[in-house]
Each structure stands twice: as C-alpha cells, then as structure tokens.
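In: Following is a predicted model, sequence given first.
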Amino acid sequence: MSEQVQHDARACDGALARAFGFLGKRWNGILLATLGSGPAGFSELRRAVAGISDSVLSDRLAELCGAGLVHRTVHEGPPVAVVYELSDSGRALTPALRELTTWARENLPADRCARESA
C-alpha cells in the first residue's frame, strides 16, 4: 500500500514561484511587455525603457533569449542590425502582462507608489 502525500493547501506552486522569480527580476517583465508591441532593436528598447543601462539591457536580453522568450535576429548590412522579438512562448505571456498592467492601473496608482517609496 502506498503512502498518500499530504500537501499543505498554502504551499506555493513551484511553477508560479519560477515565473515570478524570472518575471520579477527587474526589467524582464517590462522588456517583454515592450516587445509585445512588436520587434525592436537595442537602441529602440533602450529609449522605450527609461532608466535601464546598456549593460543591464544587454544582460536582460541575453537572459530572455536564453529562456526562449525572445528571439535575436542579426540582419547583415550594411549596416548590420540586430532585432529582438517575442518567441511563441514570449507571446503567450502577452495576455497575462496586459492583465497585470490593467490590475496595476486600478490598484496601484502611481502617486500612491511614489508616496509609499518616499
């Protein structure tokens, strides 16, 4: 007779923990949401995501590509151009990111966040 495994009803789902561990890393979710509007080059992403440094942008894009959420395509020039775009897995996140955006607008007003961080 096999033992039944008892699960704590309050235990966090491992997949959800992995998702927030990855998406909660600063800039990852923002970059995915930005690429949800369509492919973009490095400079375009840097302009779209205020406050991100070139080195962090490069690291995050490499991480997103490594996770299979973003594709990096090099177009031979001249001039050579590198374009980033969501993969099928990255596009699958778009509805969830839209829902999070809507929720944040309704429940985390920008002025309240500014007051709380001051």
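Out: That came in fine, so what should we check first?
In: Quickly note the distance from the nearest residue to Val49 once chain neighbours are set aside to Ala50.
Out: Distances taken as Cβ to Cβ, 6 or more residues apart in numbering put Ile30 closest to Val49, at 5.6 Å, once the chain neighbours are dropped. No exception for glycine: its C-beta is placed from N, CA and C like everyone else's. For Ile30, the distance to Ala50 equals 10 Å [Cβ to Cβ, to the nearest Å].
In: So those two - more neighbours on which side?
Out: Remark: of Ile30 and Ala50, Ile30 carries more neighbours, 18 against 7, as counted by other Cβ atoms under 10 Å.
In: So which residue is dead centre in the protein?
Out: The C-alpha lying nearest the average C-alpha coordinate of the chain belongs to Gly29 (Cα atoms, centre = their mean; 2.3 Å).
In: so which strand or helix has it?
Out: helix 28-35 (DSSP states H and E).
In: Only C-alpha atoms, please: export that helix in CSV.
Out: The C-alpha coordinates for helix 28-35 follow below in CSV (Å, rounded to 0.1, in the frame of the first residue of the first chain):
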residue,chain,number,x,y,z
ASN,A,28,12.4,41.4,-17.6
GLY,A,29,8.6,41.9,-17.5
ILE,A,30,9.0,45.5,-18.8
LEU,A,31,11.1,44.3,-21.8
LEU,A,32,8.7,41.5,-22.6
ALA,A,33,5.7,43.9,-22.5
THR,A,34,7.6,46.4,-24.7
LEU,A,35,8.4,43.7,-27.2
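In: Quick one: distance of that helix to the chain centre.
Out: 4 Å (Cα atoms, centre = their mean, to the nearest Å).
In: just stretch 17-28 next, same as before
Out: 7 Å.
In: list the buried ones in it?
Out: By 16 or more other Cβ atoms under 10 Å, the buried positions in stretch 17-28 come out as Leu23, Trp27, Asn28.
In: That concludes my questions; thank you for your assistance.
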